[in-house]
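Asks: when you get a sec, could you give me coordinates for this:
(4 chains, ligands or ions: 2)
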Amino acid sequence: MTSSNDSLRNEPIPWDIFHEMRENNLSRWPTGAGVDLDAAVECHQRLPKQKRMAQVIRFAYEHHRTLTQPRGGFGTLGMHLELLRTLQDEGLADLLPTTTDSYTRNERFGEAERGMQESEQAGRSMLNGLPVVNLGVTECAKIVDSVDRPLIVLSGTTMPRLTAEITLAAGFSGYLGSGIAYTASYTKDTSIEQGIRNYQYLDRLVTLYGQRGVEIHRRQPSFLTGTLIPPAIAIAVAILDCLLAVTQGVTHYGLELGQCLCPVQDVAAIRACEELCQEYLTMFGFHNIFTPITSLHWMGAWPHDEAQAMALIVYGGFIAAAAGAVSVTTKSTHEAIGIPTKEANAAGLRATKAGIQLGASLALQGLRDVVDEIDLIKREVRDIVDKTLEMGDGDVCQGVLRACRAGVLDVPWSPNREIQSRVLPARELGGAIRMLDFGNVPIRREIQQFHQEQLQKRATAMGTPLSIDMAIQDVYGISEPLTALPNTLIELGQIG
Amino acid sequence: MTSSNDSLRNEPIPWDIFHEMRENNLSRWPTGAGVDLDAAVECHQRLPKQKRMAQVIRFAYEHHRTLTQPRGGFGTLGMHLELLRTLQDEGLADLLPTTTDSYTRNERFGEAERGMQESEQAGRSMLNGLPVVNLGVTECAKIVDSVDRPLIVLSGTTMPRLTAEITLAAGFSGYLGSGIAYTASYTKDTSIEQGIRNYQYLDRLVTLYGQRGVEIHRRQPSFLTGTLIPPAIAIAVAILDCLLAVTQGVTHYGLELGQCLCPVQDVAAIRACEELCQEYLTMFGFHNIFTPITSLHWMGAWPHDEAQAMALIVYGGFIAAAAGAVSVTTKSTHEAIGIPTKEANAAGLRATKAGIQLGASLALQGLRDVVDEIDLIKREVRDIVDKTLEMGDGDVCQGVLRACRAGVLDVPWSPNREIQSRVLPARELGGAIRMLDFGNVPIRREIQQFHQEQLQKRATAMGTPLSIDMAIQDVYGISEPLTALPNTLIELGQIG
Amino acid sequence: MSSWTIVTGVIGSDTHIVGNRIIAIALEQAGFRVVSLGALTPAEEFIKAAVETAADAILVSSLYGQGELDCRGFRDMCIEAGLNDILLYVGGNLVVGKHDWSSVERQFLEMGFNRAYPPGTKPSDFIPQLVQDLETRDKLLGRD
Amino acid sequence: MSSWTIVTGVIGSDTHIVGNRIIAIALEQAGFRVVSLGALTPAEEFIKAAVETAADAILVSSLYGQGELDCRGFRDMCIEAGLNDILLYVGGNLVVGKHDWSSVERQFLEMGFNRAYPPGTKPSDFIPQLVQDLETRDKLLGRD
Ligand code: B12
Ligand code: B12
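Replies: Ligands and ions are numbered 1, 2, ... in the order given. The predicted model follows:
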């Protein structure tokens, strides 16, 4: 590993150093020894086309399809395989996930081992995902063998290095995660610098596969903390993470965006993200980088009422299709409570698919409100990204580190100490997420004023002051029971 | 009753004749004696505002709200009250229904009586609705007393005369049904003429209430047979029914439209319907007629998969709100199987409400595709209505009768002998409903060609000929399991 | 295929004509002689039509939920009218509400129907069975 | 209200900070002294902080499902550290998946927590109870 004394730069890791780093990495847990690159490449080349995520996503993109992909991982291989088969057969998932457990994410493999054993004994999953490193390459390859869909690793962590080695070697063809986004949303003490270093490794590894003819679908999770993330912030982070990844040699880099549940803003965010990302890639001299967008079901707090939850699910498919997202990542009616049963997970997938079917013929880009919102988002994103790049003095990595420290790159509700989390979002009357407090986010004054005005309109309508209380209220907003909505009949009853 | 020898004309029933008709009508079943107009007017005047449907709908319209209304009726008063309380308390319905059973709809009150008794004995509903005439005014008034919402009578029939007398006297403040629409969709041997006569009675009765200061929410059901009804046909019938009603003195006349499940067409239909209706009313010299639109959850065959059905439910709320409908009439995940339990019905309501909340901020009128579709629908409707009026030689009723006979006014899949049912609808690729066969519907040639071209594109894409088989396939389309959708991965697998 | 005659219709006060009409189209395409009574058909009319046309089978549709009331005594009425060997099928949404199909099926078989079909049945799901049942019956009656 | 000290944090490898931070804000607004440890806090740190600040209660959040593994032995560790009278609350999505709440509650009470709260709890749902429990405890300890 490059010693952390060297200051972090946005440059490809030299291959000789990388090979050393790999050796080190693989020796950290016994299963690392099972990784063999030649065998891995062969394994990928044996996969039929419909099990290669990169190809499937490209095909869907070209044919204007919106694919479905659930989340899911259970604590033992047996339970996990049963889950995936249900998601495939009952849920009709196009892409299949393997969510790792939180011990694995934090590379606490000892605890993961114990959790797996206890799950085995208890006959129910005590882990919130599958401990893939403990399983090792051969066992993980059974997952790929057992299903007829491409598999993506979902492991929200800043420490993907061993997990990625094992799963890619086993034939997984998609990998979610990135240095800025995940460090900001999943850790407290990990430095952004360390997070970026770890993902430089992952992206270099994916490039190694690429050089051997195996294209992996890499993907960035701009949902961040999932808690009322304004599109501009999500997209700014996505673009910066993307610039880091392509520098390592990645050419196929999907971008995820959490839905805001405001149709105009959701469509606008998806369109703006794809366009801006390509714009910055071109500016940096990167051409032919494929950056499709994945839309995510609402990432904030969910309602307990399952009928109400279904509305978010269906909406998620509908709007993803209407916005031209290449895939949508689904949740279930159990979201508010706990990890869903396989049946609930499958039902969420089917409802999403039906939503996609209904939204597919609706092209919303042309709508005036959407055009305006795209324009707004683009100006906001450019303000953030340009300032960040400027602070880097020619190096994107340094720009990011300095921008985080300065609160220029800021994430609402982040647990990480290096993130200021001063920016405070709230919703305007129409539902769009605006910023109540910009912290140090360098968005031009007139836009800041526009946000304030919009939020003030709502405060006035509600007869409350603009305050953090409104922002906190909005954290709960979508999860509130329908009985909390304004009731037309009661209003009428109260009048005169 | 006016003898059916007099040829039917679109004129208000003279009050003296009407009073005679009422006496006759009320004497047809013992409970008719319980109707007393003075008491009825008093009963309505005692209702709090939020229980008067006309006021509630006007309020919602002015405040751009979309209300929810379920369907529902069980065979005994006890079961029915329990149902309504669940729909109000668990379903948060804004408007409450009372669906009558099919014997009542056909005025087979003897059979209805038996069905009610057997339901009582069996402890489950053997009737598909509540036999309100058998119950009579006092019992029906208990319904109004037991809930805190306005009540509408849902009785798909050409014979509303006694049912209306009983329920309006009991304090119901909304009444669905119309002479052309219901005759075309609910009967085989009843003549359109007779159907119109019966609804002239109902509308005159509502006018009588109006003259006493009691505004009733009358509503027209242009969903017709619910089976792939092209918007132009639904709207043409709605306008003609509306002209008949306002001639009797009705001033508050809602129009229902079944959803096509093509977002662009659904929004366009709602907008076009409201605008065209006002246009024709003005042309006939009627001003200040209030004609809000109610959007209906898909009226054709539903899928068995409850997750998939949820998508139609949520979509229904979302699109109704986005189109600015004043209310949406809901279905449940049990739709494909049978009359829903009260819990399933309530869940359908809540999912709809959540869908409305998500769609409320999306104003789709301005979308180019929607603007074009509105324009198309308007030209189609004018072709049908203008021809119908022309055939009437100055009398709308005669125009309607002649137009039906000539197939100018035609309804797909109608059971009625007087309706040609030659028009045969099918879906284009984007989902919009077009006409495969226009029969004698007098829509101008270039539009007919456009429909043909659109359908031909689909036939070409599917590699099948344009034929009745495609139209039949589309009757099942929405109800097909999701496994029947084209599968992107399988397609990819088959390539190369 | 011998040209069997089939009577179809929707029983009682039931107006749901679409599925029934599609069945009639499919039967005709399959070579049957179809006597299509349409919606809102009283039990008596089915039997009258079957007698008049010497029908081989009656296909009763009931969608609106009141089928269990409308179909009572249907077999007895057939026998009274001298239709001893007629095949009786029923299909649709036969009862009010969502019920376990096997109990609904049992109920209609006990009422004297030869076969009952659940919601969602398509013509292709039952026509082969109908042909087989007719062939079996013809053989038994020595009519082949 | 006497100025009680409350330690809050999210236990184990759990990063869900939002609810926990809102709790801290609400407790401060309600007049408590709050020691907020944030996300990803090992059990030991809770106890260390409670000892150092002489805390009256520890509020453990666990959202990610692995709480039943992380919270094992928490009460024993408190006792070992000499925190004999400390009030322990736990809340969040405590186990993996959807389970009957009463059995989850029992499980955590048996582990030695004084109270456990289900998903969807708001500060206003438990702060009054916390105040009452602290008052009762103070009375028992003769501290009022
Ligand atoms: C369209 C529709 C209507 C239209 C009918 C238009 C028309 N004239 O045909 C309208 C809007 C007028 C209507 C009215 C009513 N309807 Co309706 N309607 C439907 C709906 C949505 C689709 C029916 C349809 O056309 N399906 C498509 C065709 C192709 O399928 P099918 O009819 O099921 O027929 C197929 C099979 O069942 C089978 N089959 C049918 N008959 C037979 C016979 C044999 C022998 C065999 C082997 C097979 C077979 O083969 C057919 C072809 O594949 C269904 C629910 C659903 N399925 O989604 C409700 C439904 C049938 N209606 C219902 C009800 C209750 C009513 C009303 C009483 C109003 C109300 N309470 O809401 C009125 C009744 C009016 C009356 N007097 O009959 C209920 C019945 C409830 C129950 N059984 O518990 C249903 C199930 C909806 C529900 N869940 O509440 N309806
Ligand atoms: C936002 C979110 C995230 C964000 C978190 C961002 C951040 N850093 O905070 C991100 C996207 C990063 C994330 C990641 C993961 N998440 Co998450 N997440 C959520 C989600 C959608 C909302 C949580 C939230 O913020 N709620 C709003 C706040 C205000 O409420 P709250 O946190 O519940 O807290 C309130 C109450 O619970 C209570 N409370 C909380 N603690 C305490 C303590 C005491 C003493 C008391 C009295 C009360 C109390 O009061 C709080 C304030 O009102 C929930 C599901 C949901 N609720 O809808 C899932 C959920 C919590 N996540 C879950 C999981 C599994 C994960 C992951 C493992 C990924 C995965 N498998 O999908 C990772 C875990 C990462 C890790 N190592 O921890 C699961 C937990 C499953 C289970 N218990 O069975 C949930 C329930 C979703 C699900 N159904 O699968 N998640």
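
Asks: could I get the contacting residues of the residue in the stretch 251-400 of chain A that ligand 1 sits nearest to?
Replies: Proximity of the stretch 251-400 of chain A to ligand 1 (Cβ to the nearest ligand atom) peaks at A:Ala354, 14.7 Å away. C-beta coordinates here come from the backbone N, C-alpha and C atoms, glycine included. By Cβ atoms under 8 Å, 6 or more residues apart in numbering or on different chains, the contact list for A:Ala354 reads A:314, A:317, B:303, B:307-308, B:310-312, B:482.

Asks: C:Val104 too?
Replies: C:94-95, C:116, C:118.

Asks: ok, and the most crowded of the residues you listed?
Replies: The most crowded member of the contacts of C:Val104, judged by other Cβ atoms under 10 Å in any protein chain shown, is C:Leu94 (29 neighbours).

Asks: so where does that one fall, helix or strand?
Replies: C:Leu94 belongs to no helix or strand when assigned by DSSP states H and E.

Asks: could you point out the helix or strand that follows the helix or strand hosting A:Glu343?
Replies: A:Glu343 belongs to helix A:342-359 when assigned by DSSP H and E. Later in the chain than helix A:342-359, the nearest helix or strand by DSSP H and E is helix A:368-392.

Asks: so which bits of that next one are buried?
Replies: Residues A:369-370, A:373-374, A:376-378, A:380-385, A:387-389, A:391-392 are the ones in helix A:368-392 that count as buried (16 or more other Cβ atoms under 10 Å in any protein chain shown).

Asks: distance from the chain centre to the helix holding A:Glu343, please.
Replies: Centre-to-centre, helix A:342-359 and its host chain are 19 Å apart (Cα atoms, centre = their mean, to the nearest Å).

Asks: now do that helix, average pLDDT.
Replies: Helix A:342-359 comes out with an average pLDDT of 98.

Asks: next, see if it gets close to ligand 2.
Replies: No. Helix A:342-359 lies apart from ligand 2 when judged by Cβ under 6 Å from any ligand atom; the minimum separation is 9.4 Å.

Asks: same question for stretch A:86-95.
Replies: No. Using Cβ under 6 Å from any ligand atom, stretch A:86-95 never reaches ligand 2; the gap is at least 13.9 Å.

Asks: check the contacts of A:Ala354 and tell me the two furthest apart.
Replies: Using Cβ to Cβ, the contacts of A:Ala354 reach their maximum pairwise distance at A:Gly317 and B:Pro303, which is 14.8 Å.

Asks: ligand 2 contacts on the stretch 51-200 of chain A?
Replies: Counting by Cβ under 6 Å from any ligand atom, the residues of the stretch 51-200 of chain A close to ligand 2 are A:71, A:99, A:102, A:105, A:128-129, A:156, A:185-186.

Asks: helices of chain C, residue ranges please.
Replies: Ranges of helices in chain C, per DSSP state H, are C:18-29, C:43-53, C:67-70, C:74-80, C:101-110, C:123-140.

Asks: and A:Arg114, which of those helices is closest to it?
Replies: Set against A:Arg114 and scored by Cβ to Cβ, these come closest in helix C:101-110, at 47.3 Å.

Asks: buried ones in the closest one, by neighbour count?
Replies: For helix C:101-110, by 16+ other Cβ under 10 Å, it's C:104-105, C:107-108.

Asks: swap in stretch A:103-122?
Replies: With the criterion 16+ other Cβ under 10 Å, stretch A:103-122 contains buried residues A:103-109, A:111-116, A:118-120.

Asks: now swap in stretch C:41-50 and tell me
Replies: C:41, C:43, C:46-47, C:49-50.

Asks: can I get those in TSV with pLDDT and distance to ligand 1?
Replies: Below are the buried residues of stretch C:41-50 laid out as TSV (pLDDT from 0 to 100; distance: Cβ to the nearest ligand atom, whole Å):
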residue	pLDDT	distance to ligand 1
C:Thr41	97	12
C:Ala43	97	14
C:Phe46	98	11
C:Ile47	98	15
C:Ala49	98	15
C:Ala50	98	14
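
Asks: same list, the residues you listed, but as JSON lines with distance to C:Gly73 please.
Replies: Below are the buried residues of stretch C:41-50 laid out as JSON lines (distance: Cβ to Cβ, whole Å):
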{"residue": "C:Thr41", "distance to C:Gly73": "16"}
{"residue": "C:Ala43", "distance to C:Gly73": "8"}
{"residue": "C:Phe46", "distance to C:Gly73": "12"}
{"residue": "C:Ile47", "distance to C:Gly73": "11"}
{"residue": "C:Ala49", "distance to C:Gly73": "17"}
{"residue": "C:Ala50", "distance to C:Gly73": "15"}
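
Asks: closest residue of the stretch 251-400 of chain A to ligand 2?
Replies: A:Gly338 (3.0 Å).

Asks: neighbours of that residue, how many?
Replies: 20.

Asks: from A:Trp302, how far out is it?
Replies: Counting by Cβ to Cβ, to the nearest Å, the separation of A:Gly338 from A:Trp302 is 11 Å.

Asks: cool, and A:Glu193?
Replies: 34 Å.

Asks: these two - which one has more neighbours?
Replies: More neighbours surround A:Trp302 than the other of A:Glu193 and A:Trp302, with 24 against 19 (other Cβ under 10 Å).

Asks: my guess is the more buried one contacts A:Ser479, does it?
Replies: Yes. Between A:Trp302 and A:Ser479 there is a contact under Cβ atoms under 8 Å: 5.7 Å.

Asks: list the residues that contact both of these two?
Replies: A:Ala336.

Asks: list the residues that contact the spatially most central residue of chain C.
Replies: Nearest residue to the geometric centre of chain C (Cα atoms, centre = their mean): C:Leu59, 1.7 Å. C:Leu59 sits next to C:6-9, C:23, C:89-91 when contact means Cβ under 8 Å, 6+ apart.

Asks: and the residues you listed, which of them are buried?
Replies: By neighbour count, with 16+ other Cβ under 10 Å, the contacts of C:Leu59 hold C:6-9, C:23, C:89-91 as buried.

Asks: any chance of those residues in a markdown table, plus distance to B:Asn198 and pLDDT?
Replies: Output for the buried ones among the contacts of C:Leu59, formatted as a markdown table (distance: Cβ to Cβ, whole Å; pLDDT from 0 to 100):
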| residue | distance to B:Asn198 | pLDDT |
| --- | --- | --- |
| C:Ile6 | 35 | 98 |
| C:Val7 | 31 | 98 |
| C:Thr8 | 29 | 98 |
| C:Gly9 | 25 | 98 |
| C:Ile23 | 31 | 98 |
| C:Tyr89 | 35 | 98 |
| C:Val90 | 32 | 98 |
| C:Gly91 | 32 | 98 |
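
Asks: which of these lies closest to chain B?
Replies: Nearest to chain B, judged by Cβ to the nearest Cβ, of the buried ones among the contacts of C:Leu59 is C:Gly9 at 9.9 Å.

Asks: check contacts around that closest one.
Replies: C:20, C:36-39, C:41, C:45-46, C:49, C:59-61.

Asks: most proximal residue of chain C with respect to ligand 2?
Replies: C:Lys98 (28.7 Å).

Asks: so what's that residue up against?
Replies: By Cβ under 8 Å, 6+ apart, the contact set of C:Lys98 is B:334, B:337-338, B:340-341, B:344.

Asks: circling back to that earlier point, now do the residue of the stretch 251-400 of chain A closest to ligand 1 against D:Ser36, distance only.
Replies: 44 Å.

Asks: which bits of chain C sit near chain B?
Replies: Taking Cβ under 8 Å from any Cβ of the partner chain as the contact definition, chain C meets chain B at C:10, C:12-15, C:17-18, C:21-22, C:25, C:38-40, C:64-66, C:68-69, C:93, C:95-99, C:119-120, C:122.

Asks: measure how buried residue 52 is and give me the count.
Replies: Answering for chain A, as no chain was given. Around A:Arg52 there are 23 other residues, counting by other Cβ under 10 Å.

Asks: can you look at chain C instead?
Replies: 10.
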